[in-house]
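Trainee: I'll drop the sequence and a predicted model, then ask my questions.
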Amino acid sequence: MWVQRLGRSLVGYAPRFFRPISTRIVGKTNIEVQEQTDSQPLIFPGVWLRDNCLCEDCFHVSSQSRKLDWDKFDTRVHPLKVRTDEKAQEAIVNWSDRHESRFPIKWLKERSFREEHQEEYLADLYRPPTRLWAGSQFKTISQHFDYGQVMDDDQVLEQWLQALAVYGVALIRGAPQDEGVVRRLAERVGFIRRTTYGEEFVVQAKPGAQNFAYLSLPLPLHTDLPYYEYKPSVNILHCLVQTESPGGSNLLVDAFYVADRLRREHTEDYERLCRIVVDWNDIGSEDGREFHNIWRAPVICLDAQGQYTRVNHSVPQRDSHFNVPFEEVQPWYESYAKFVQLSRSEAYAFKTRPGEVLTFNNIRLLHGRTGYDDTEQNSRYIVGAYLDWDIIYSRLRVLKKRRNQ
C-alpha cells in the first residue's frame, strides 16, 4: 500500500524533458534551427518564414490556407530577434514589420530546404516516382488485386492506386458480371470523369460506329482523347464478355519507356517529337450531340524540369491540319514513324477474361487491340470509364495519412 501511494505521489513530480533547440539569425535575413539530436542545422529563408506565418492573422486553420495580405507584403522583411520555447517545441521570430511568428519544430522539419528532405517529400507525398518498363518486363511489373478487397479494404485500395501510379497499369480480378463495376470503382476513389462519350461507355463492335474503337478491326496503339487539353488520365475497362476467336487481345506499351529509348537511340527524332506541335481532333456526334474537339500538342510532352507529363498518339485522331513550317513536315513524319515502330516492338499482348478490370494510365501508356471475328455467338463486350490523376493522387495521400496516423 505504501509503495502504491508513493508511486502515485511521484507521478505529479516526474520531471518533464524537452528537446533542446537552438536558433540564430544567419546572414541577416535567414534563420537557423538546430535540435541537439540533429547533427546538421536547418536553415530557412526569412521571407519564406514570414510568408508562412501560422498565426490567426496570417493563416486560416480550418481551410489550411494562407490569408496574409500580399498587397502589403514586404519581400525585404527580415528577422530582428529569434528565441525558442522548448516546452512548446517552437521557434519564435520577431520581424522588422513588427509581427511575431511561432513555428513548431516538427512543422519546420517537414518543410526543410535540405535536398534529401525535399526529395523524400516529393516521392512520398507528392507523387510516387514512376518506374518505366519494357514489354518483356510486363509480367514482372503487373500487379493483380481482388475486386472485393479493393472495395472493402483501404490498405488494398492504397496498394492498387500506388501500383497504378508507379507502373501505370494494374489488373483487378473477381469483379461481378454487371455494368456498374466501373462506376463503383471510380466512386471508391472519387468520381468518374465525364467526356464527349458520357460517363460510362461500352466498347463493342456495332454498326454505324462513330468511333474507331467501336469496330472489330485491329485497333492500333494509341492514347485516348489526345484532342482534349485536360485529357482523362486513367482508363478503367471491365471485361464482361470476351471473344473466343484468336483476336481481341489487349496491347499495352509504356510510352515513357519508348520515349527514353528514342532519346538514347535517335536523339534528333526525340527532340523533334518534343518540339513540333501536332493538331489532334475528334469530329462527330454521340447521343444526338455534335462535337468538334481540337487540341494542339507535341507527341512527347515535358514539364519545366524535362520530365514526361504526357504522350499524345492516335493515328485516327491526328488532324489533317498540320500547322507547322513546310520544311518540318517530312522530318516529322520520319521521326513519328520511328516512335511508332519502337512502340510496336515494345507492345505486350494479353487477353482479359470476364470479371477482370484492366486499369492503366492513359497519359503514359499506349493501348490497342488485335482484330477479332464478331458474330452473335462470338462477341466482345467491355464497359469503360475514366478517372483523373488529380482525384487519384488526392485519394492516395488521404489513405497514406490515415495509415501513418
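Mentor: It's in.
Trainee: may I have the distance across stretch 256-275, first residue to last?
Mentor: 16 Å (C-alpha to C-alpha, to the nearest Å).
Trainee: list the buried ones in that stretch?
Mentor: Residues of stretch 256-275 classed as buried by neighbour count (16 or more other C-beta atoms under 10 Å): 256-259, 261-262, 266, 269-270, 272-274. For every residue, glycine as well, the C-beta is placed using N, CA and C.
Trainee: biggest separation within these, which pair?
Mentor: Largest separation among the buried residues of stretch 256-275 by C-beta to C-beta: Y257 and R272, giving 18.9 Å.
Trainee: tell me the SS of V33?
Mentor: strand (DSSP: H, G, I helix; E, B strand; the rest coil).
Trainee: who's in contact with L251?
Mentor: The contact partners of L251, by C-beta atoms under 8 Å, 6 or more residues apart in numbering, come to 221, 347-349, 366-370.
Trainee: swap in 7 Å and give it another go.
Mentor: Each residue near L251 by C-beta atoms under 7 Å, 6 or more residues apart in numbering is listed here: 221, 347, 349, 367-370.
Trainee: for it, grab phi and psi.
Mentor: phi -120, psi 130 (degrees, to the nearest 10).
Trainee: going through the contacts of L251, which ones are buried?
Mentor: Applying 16+ other C-beta under 10 Å to those flags 221, 347, 367-370 as buried.
Trainee: inside strands: which ones of the residues you listed?
Mentor: Among the buried ones among the contacts of L251, the members found in strands (DSSP state E) are 221, 367-369.
Trainee: with pLDDT and distance to G148 added, can I get the residues you listed in JSON lines?
Mentor: Shown next, in JSON lines, are those (pLDDT from 0 to 100; distance: C-beta to C-beta, whole Å):
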{"residue": "L221", "pLDDT": "97", "distance to G148": "32"}
{"residue": "H367", "pLDDT": "97", "distance to G148": "26"}
{"residue": "G368", "pLDDT": "95", "distance to G148": "30"}
{"residue": "R369", "pLDDT": "89", "distance to G148": "28"}
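Trainee: would you map the strands across the stretch 301-405 of the chain?
Mentor: With strands called from DSSP state E, counting those that start in this stretch, the stretch 301-405 of the chain shows them at 308-311, 348-350, 357-361, 365-369, 381-387.
Trainee: shouldn't A91 be in contact with E32?
Mentor: No - counting by C-beta atoms under 7 Å, A91 does not reach E32; the two are 9.8 Å apart.
Trainee: what is in contact with the two at once?
Mentor: Common contacts of A91 and E32 (C-beta under 7 Å, 6+ apart): T23.
Trainee: those two: who's more crowded?
Mentor: Set A91 next to E32 and count neighbours by other C-beta atoms under 10 Å: A91 wins out with 24 against 16.
Trainee: let me see the contact set for the closest residue to E244 other than its chain neighbours.
Mentor: Closest residue to E244 in three dimensions, ignoring its sequence neighbours and counting by C-beta to C-beta, 6 or more residues apart in numbering: N378, at 5.8 Å. N378 makes contacts with 243-245, as judged by C-beta under 7 Å, 6+ apart.
Trainee: among those, which one has the lowest pLDDT?
Mentor: Lowest pLDDT within these is found at S245 (79).
Trainee: and that one, how many neighbours?
Mentor: By other C-beta under 10 Å, 16 other residues sit near S245.
Trainee: for it, what are phi and psi?
Mentor: Torsion angles, degrees, to the nearest 10, at S245: phi -70, psi 170.
Trainee: wait, R296 sits on V277?
Mentor: Yes - with contact defined as C-beta under 7 Å, R296 reaches V277; the gap is 5.0 Å.
Trainee: who is the residue nearest to E244 paired with across the strands?
Mentor: T375 (DSSP bridges).
Trainee: please parse this protein into its domains.
Mentor: Following automatic domain parsing, one finds the domains of the chain at 14-122, 135-404.
Trainee: mind checking which of those is nearest P128?
Mentor: Going by C-beta to C-beta, the one of those nearest P128 is domain 135-404, 4.6 Å.
Trainee: first to last residue in the closest one, what's the distance?
Mentor: 35 Å.
Trainee: possible to save the domains of the chain as JSON lines with distance to P128?
Mentor: Formatted as JSON lines, those follow (distance: least, C-beta to C-beta, whole Å):
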{"stretch": "domain 14-122", "distance to P128": "10"}
{"stretch": "domain 135-404", "distance to P128": "5"}
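Trainee: out of those, which one sits most buried?
Mentor: domain 135-404 (a mean of 17; mean count of other C-beta atoms under 10 Å).
Trainee: quick one: distance of that domain to the chain centre.
Mentor: Relative to its chain's centre, domain 135-404 lies at 14 Å (C-alpha atoms, centre = their mean, to the nearest Å).
Trainee: do the same with stretch 122-134
Mentor: Taking C-alpha atoms, centre = their mean, one finds the center of stretch 122-134 at 9 Å from the center of the full chain.
Trainee: which residue sits closest to K351, ignoring its sequence neighbours?
Mentor: The shortest distance from K351 to any non-neighbouring residue, by C-beta to C-beta, 6+ apart, is to S249 (4.7 Å).
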